[in-house]
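Trainee: Here is my input, please return the structure:
(2 chains)
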Amino acid sequence: MAVFRESVPRDLPGKMMEINWSLVLLLALLGGIGIGMLFSVGGGSWEPWAGKHAIRFALGITGMLVIAMFPPRFWMGMSYPIYAFALTLLIGVEFAGVTINGSQRWIDLGPIRLQPSEIMKVAVVFALARFYHDLPTEKVSGLGGLIMPAIIIGMPAALIATQPDLGTTLLLVATGGCVIFLAGLSWRVIVPGIVASVIGLGWLFTYGLQDYQRARVMTVLNPELDPLGAGYQIIQSKIALGSGGFTGKGFIEGTQSQLNYLPEKQTDFIFTILGEEFGFVGGIAVLAIYALVLANTVIIATSCKSTYLRLLSMGIGATFALYVFINVGMVTGLLPVVGVPLPMISYGGTVMLSVLAGFGLILGAHIHRNATPPSGTGFLG
Amino acid sequence: MRADRQEQELKFTRRALLMGAGGGLAFLGLGARLYTLQVLEAERYALLSDDNQFNFRLLPPSRGRVLDRFGVAIADNRDSYRVLLVPEQAGNVDAALDQLARYMPISERERARVQRTVQSGRRFNAITVKDDLDWQTFATVNLHAPDLRGITPDIGEVRAYPYGPSYAHVLGYVQSPNQDDIDNDDPDAERLLRHPGFRVGKTGVEVARESDLRGAAGALKEEVDHRGRVIRQLPEQSTDPVQGRDVVMTLDTDIQRFAAERLGAESAAAVVIDVQTGELIALVSTPSFDPNLFVGGISSANYSALRENDHNPLYNKSIQGTYPPGSTFKSIVAAAGLEHGLIDPSETVRCTGSVRLGDREFNCWRRNGHGVVDMRQAIKTSCDIYFYELAERLGIDRLEEMGRRFGIGQQFDLGIAGVARGIMPSPQWKRARRNEGWSTGDTYNTGIGQGFTLASPLQLAVLTARIASGREVVPTLFRNAMTPPASHMGLSEEGMALVRDGMRAVVEEPGGTASYLRGIGIDGVEMAGKTGTAQVYSISREEREAGVREQEDLPWRLRDHGLFGCYAPADNPKYAVVVVVEHGGGSSAATSRARDILHRVVSRDPSSRAGVFADLAPADERVL
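Mentor: Prediction:
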């Protein structure tokens, strides 16, 4: 009974007109902040981080816009192959990965070094979105509708957990969970499911673990038990943030970071440097930008007509939100230390590229929001 | 189908908004957390950040020097070449030491000490591998230093005693503080005391004047990174150390060294004093030790050798040793007799070599007797019989009173520890100490400086100085501007002149007990003195019959102590010298040594320069 059928732009100029420039601007702002902070962390130098970050950012933004131009039909077709590719890379890491800081996360491809687990975060969203797009609504809460997503999430999660990379594993599972939730899983399944997993984890922790394993879990949950190890980072991070005060110590004036009290300051602890040098004002401003990015994403996702685009953009948005929340929660001492970067600001090529690729898909979803790609037969018809 | 799709769309929108709201709440939570850290607790974290960032490196002060009366440094600081190891830079400490061992010897003990320190301390603190290297070794290590990981050649400061043994007892020495030193000191000083290489005074002037000599530590503010490595120094926010104050002594290095040399290997003491002011010109005890050995930590073999030596090198005999004053005490007895008018100087006593008191026989040192002696003769020949008689007339109370006026039994405050009080006996003393009554025999013995009386060489020097000047001189060891001449003792000048004349005759007249010295050896200058022998062991009749007649026949431990107190010039006394030679076998062990020292100190006096030059052979061009 539609009065008019909203159109989907088909030619390049038409698509360009539909680009959500406010989202691009917000992302550019974050990238710029990242370049500035890495310039500061490098002691006021483009070397060794800020310059590379800027180049990656420029490439990433371009790639993002290119990705946005592809029609949803293309991505739907690519969803399972991309997932399969990411899974292959993850298995490859198991056998031919490069070990850095005691965990095997990287795969060396000559000039670039890839972190397959980062690619997998987007790939899982692809696969789930495609799966639910093909799945009739009434089957979402059925047994068949539960097993496949569990496999799609479970396989990469298990591989990443053995690297070991607990942070990414949790992030992956949480992202998958978000997509399942958005796909419309009945509360009748969600609530008992949550209760069952809490009890199950409790039981596992109490009876299923050796003492040393339990101790290791406790250290992850409460790093201050280990003040010279994991706790050291958090203590130093809190000192840096707290001493920044309301307005901060000034650009490149952060003593804690400039004197190397902070480990991983260019990656996971970049927010600490920001808080030390720009204070509460700077920290809140950056959080606000992230919040605006997310608000934009929610608006875009809800405006999409197809299940695939909705789940894809919202799933990517959820990943992004989880990144930010876990990272900031970690550096402020609210959450245990797990290696999660701050998107767009932390140094790291794969993260930057996968995040921007993800936002390319979101921008694409916005451009093609009115498209209604047909449901395929899928696995369960 | 459409309704179904719409419902599904609605459900998605609901859930997406729910998630968005959840995300918004989570972000608000992060904002609140930031507010807590950066606004509410900002001050606390700012302090922690400063703690992290700044380190105050202690700058130890230079220890004050000790100077003699002419400004010659007798305790000084010199550069010490040392090799430091920074474990963090070295990586493997053992390997670093092995490499270093190619250029300098490292003992197992040193190696173990370094390893211990590495394990206890922070790894970026420098550890002294070896102190006080000779230049050759230091230069070699320096040359190879760029190839030695974690090894840093360095120049520090170490205490040095340029005159070594001559001043060992007076100056004492410094050593690394032990736990007791740290506990007993000001708690604020603990960091300084624990500073590697820091030393505190342990004995002598070094400990007595510690508060002057030490100074105060400074602090250098340094910015350090997370591993404690220094990024930069902030001298404008640092405090400089306050150097220790120099301490000036009354001693004269030339005399001190000469006296030490002259006493040689004897177990002996010498004191040189200015008879007008009481300033001590020399305070020597032999044999001595090298205090420089103690600064770096003396080896236990060396230390037990010093402790077990029967000549007691660690003991400061000049102030700690007490001896019966022997005949040197007779001057006091004579002065007391004249002061109380109990004897006329021309009155004579017949000395037959012995005198009976009840059933006891008291001998004169000269078995054949001196014949008829007046006071001048009695002093000159040191006749015991005369002084038995005079002591009996005076009685112990007057003797004791006069002995104390001359400083016997008095503890002088020299400003260093270990000054002995000695004993000036009295009936009360004997009652308290031995629970026996005083006898006339005790008075006899006291009259010739034997019996219970004990005096240190310092007290004998005061006694000699007081006789020489008639002033109540008090010995001082530290110089304060100009020490004024002491006030007069209030004894009759006439009587004192008589005593002095007797003492001049001891040396300057034939028949005097020290006339063999043939005077001081400076034209126009005469000296005066009083010999003394403190009996250690009485040769028994059996031994005498067995052929033991002379002191030389006795084992060293049993020989008499030789004493001599003298001053010059006799007519205008300036300096007094006392020498005590333990087990010297008689006063002659002390007299020539004392005379030589007196000669030296009088020659150095500006007013007798003419005398010095006259004294020198014209051919001696080195001096001229």
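Trainee: Wait, a helix at residue A:340?
Mentor: No. Residue A:340 is assigned coil when assessed by DSSP: H, G, I helix; E, B strand; the rest coil, not a helix.
Trainee: give the contact list for it.
Mentor: A:167-168, A:171, A:268, A:323, A:326-327, A:330 (C-beta atoms under 8 Å, 6 or more residues apart in numbering or on different chains). Yep, even glycine has a C-beta here, placed from its N, CA and C like the rest.
Trainee: Three-state assignment for the closest residue to chain B within chain A, please.
Mentor: Nearest residue of chain A to chain B: residue A:242, at 2.4 Å (C-beta to the nearest C-beta). Classification of residue A:242 by three-state DSSP places it in helix.
Trainee: same question, residue B:272
Mentor: At residue B:272 the chain is in strand, as set by three-state DSSP.
Trainee: For it, which residues count as its bridge partners?
Mentor: residue B:282, residue B:577 (DSSP bridges).
Trainee: picking that back up, next step: the contacts of residue A:340 restricted to strands.
Mentor: If you go by DSSP state E, these have nothing in strands.
Trainee: Just the ones of the residues you listed in helices?
Mentor: A:167-168, A:171, A:323, A:326-327, A:330 (DSSP state H).
Trainee: Most widely separated two among those?
Mentor: Within the ones in helices among the contacts of residue A:340, A:168 and A:330 form the most distant pair, 13.2 Å apart (C-beta to C-beta).
Trainee: Quickly note the distance from residue B:173 to residue B:79.
Mentor: The gap separating residue B:173 from residue B:79 is 19 Å, by C-beta to C-beta, to the nearest Å.
Trainee: same thing with residue B:567?
Mentor: From residue B:567 to residue B:79 the distance is 43 Å (C-beta to C-beta).
Trainee: Who has more neighbours out of these two?
Mentor: A count of neighbours by other C-beta atoms under 10 Å in any protein chain shown puts residue B:567 above the other of residue B:567 and residue B:79, at 29 against 11.
Trainee: tell me the pLDDT at the more buried one?
Mentor: What the model reports for residue B:567 is a pLDDT of 97.
Trainee: Would you list the phi and psi of it?
Mentor: phi -150, psi 160 (degrees, to the nearest 10).
Trainee: So it versus residue B:577, what's the distance?
Mentor: Separation of residue B:567 from residue B:577 (C-beta to C-beta) stands at 7 Å.
Trainee: Residues that sit against both of these two, list them.
Mentor: B:464, B:598.
Trainee: touching chain B at all, the helix of greatest length in chain A?
Mentor: Criterion DSSP H: the longest helix present in chain A is helix A:270-303. Yes. Under the criterion of C-beta under 8 Å from any C-beta of the partner chain, helix A:270-303 makes contact with chain B via A:275, A:279-280, A:283-284, A:287, A:290-291, A:294-295, A:298, A:301-302.
Trainee: of the residues you listed, closest to residue B:469?
Mentor: Distances from residue B:469 to the residues of helix A:270-303 next to chain B, taken by C-beta to C-beta, are shortest for residue A:279, at 81.2 Å.
Trainee: Check the stretch 301-450 of chain B for the residue nearest chain A and tell me.
Mentor: residue B:303 (43.0 Å).
Trainee: Starting from whatever helix or strand that residue lives in, tell me the next helix or strand along the chain.
Mentor: Using DSSP states H and E, residue B:303 sits in helix B:300-308. Downstream of helix B:300-308, the first helix or strand assigned by DSSP H and E is helix B:317-320.
Trainee: That next one packs against which elements?
Mentor: strand B:268-274, strand B:280-286, helix B:457-469 (3 or more C-beta pairs under 8 Å, 6 or more residues apart in numbering or on different chains; DSSP states H and E).
Trainee: The last one: how far from the chain's middle?
Mentor: Chain-centre distance of helix B:457-469: 21 Å, with C-alpha atoms, centre = their mean, to the nearest Å.
Trainee: Tell me which helix or strand the closest residue to chain A within the stretch 1-150 of chain B sits in.
Mentor: Chain A sits closest to residue B:45 of the stretch 1-150 of chain B, with a gap of 2.4 Å, by C-beta to the nearest C-beta. Secondary structure from DSSP H and E places residue B:45 in helix B:42-53.
Trainee: hmm, who's touching that helix?
Mentor: Contacts of helix B:42-53 (C-beta under 8 Å, 6+ apart): A:236, A:238-246, A:255-256, A:259, A:261, B:37, B:223-224, B:226.
Trainee: same thing but 6 Å
Mentor: For helix B:42-53, the external contacting residues (C-beta atoms under 6 Å, 6 or more residues apart in numbering or on different chains) are A:239, A:242-243, A:245, A:255-256, A:261, B:223.
Trainee: Let's have those residues in CSV, adding secondary structure, pLDDT and neighbour count.
Mentor: Shown next, in CSV, are these (DSSP: H, G, I helix; E, B strand; the rest coil; pLDDT from 0 to 100; neighbours: other C-beta atoms under 10 Å in any protein chain shown):
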residue, secondary structure, pLDDT, neighbour count
A:239, helix, 85, 27
A:242, helix, 87, 27
A:243, helix, 87, 29
A:245, coil, 89, 21
A:255, helix, 75, 21
A:256, helix, 72, 30
A:261, coil, 69, 25
B:223, strand, 76, 16
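Trainee: Including distance to residue A:138, could those go into JSON lines?
Mentor: Formatted as JSON lines, those follow (distance: C-beta to C-beta, whole Å):
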{"residue": "A:239", "distance to residue A:138": "55"}
{"residue": "A:242", "distance to residue A:138": "53"}
{"residue": "A:243", "distance to residue A:138": "57"}
{"residue": "A:245", "distance to residue A:138": "56"}
{"residue": "A:255", "distance to residue A:138": "60"}
{"residue": "A:256", "distance to residue A:138": "56"}
{"residue": "A:261", "distance to residue A:138": "57"}
{"residue": "B:223", "distance to residue A:138": "67"}
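Trainee: could you give the angle of the lengthiest helix in chain B to helix A:270-303?
Mentor: The longest helix of chain B (DSSP H) is helix B:2-35. Orientation check (axes from the mean of the first three to the mean of the last three C-alpha atoms, to 10 degrees): helix B:2-35 against helix A:270-303 gives 160 degrees.
Trainee: Helix B:2-35 close to chain A?
Mentor: Yes. Residues of helix B:2-35 contacting chain A under C-beta under 6 Å from any C-beta of the partner chain: B:8, B:11-13, B:15-16, B:20, B:23, B:26-27, B:30-31, B:33-34.
Trainee: ok, residue B:503 - how many residues close by?
Mentor: 31.
Trainee: tell me the contacts of it?
Mentor: By C-beta under 6 Å, 6+ apart, the residues touching residue B:503 are B:528-530.
Trainee: Residue A:317 now?
Mentor: Residue A:317 sits next to A:294, A:297 when contact means C-beta under 6 Å, 6+ apart.
Trainee: So what's the predicted local confidence for residue 71?
Mentor: Since no chain was named, I'll use chain A. For residue A:71, pLDDT reads 91.
Trainee: other chain: chain B
Mentor: Residue B:71 is given a pLDDT of 92.
Trainee: Kindly state the beta-bridge partners for the closest residue to it other than its chain neighbours.
Mentor: With sequence-adjacent residues excluded and distances taken as C-beta to C-beta, 6 or more residues apart in numbering or on different chains, residue B:71 is closest to residue B:248, at 7.6 Å. Residue B:248 has these beta-bridge partners by DSSP bridges: residue B:67.
Trainee: Appreciated, that's everything.
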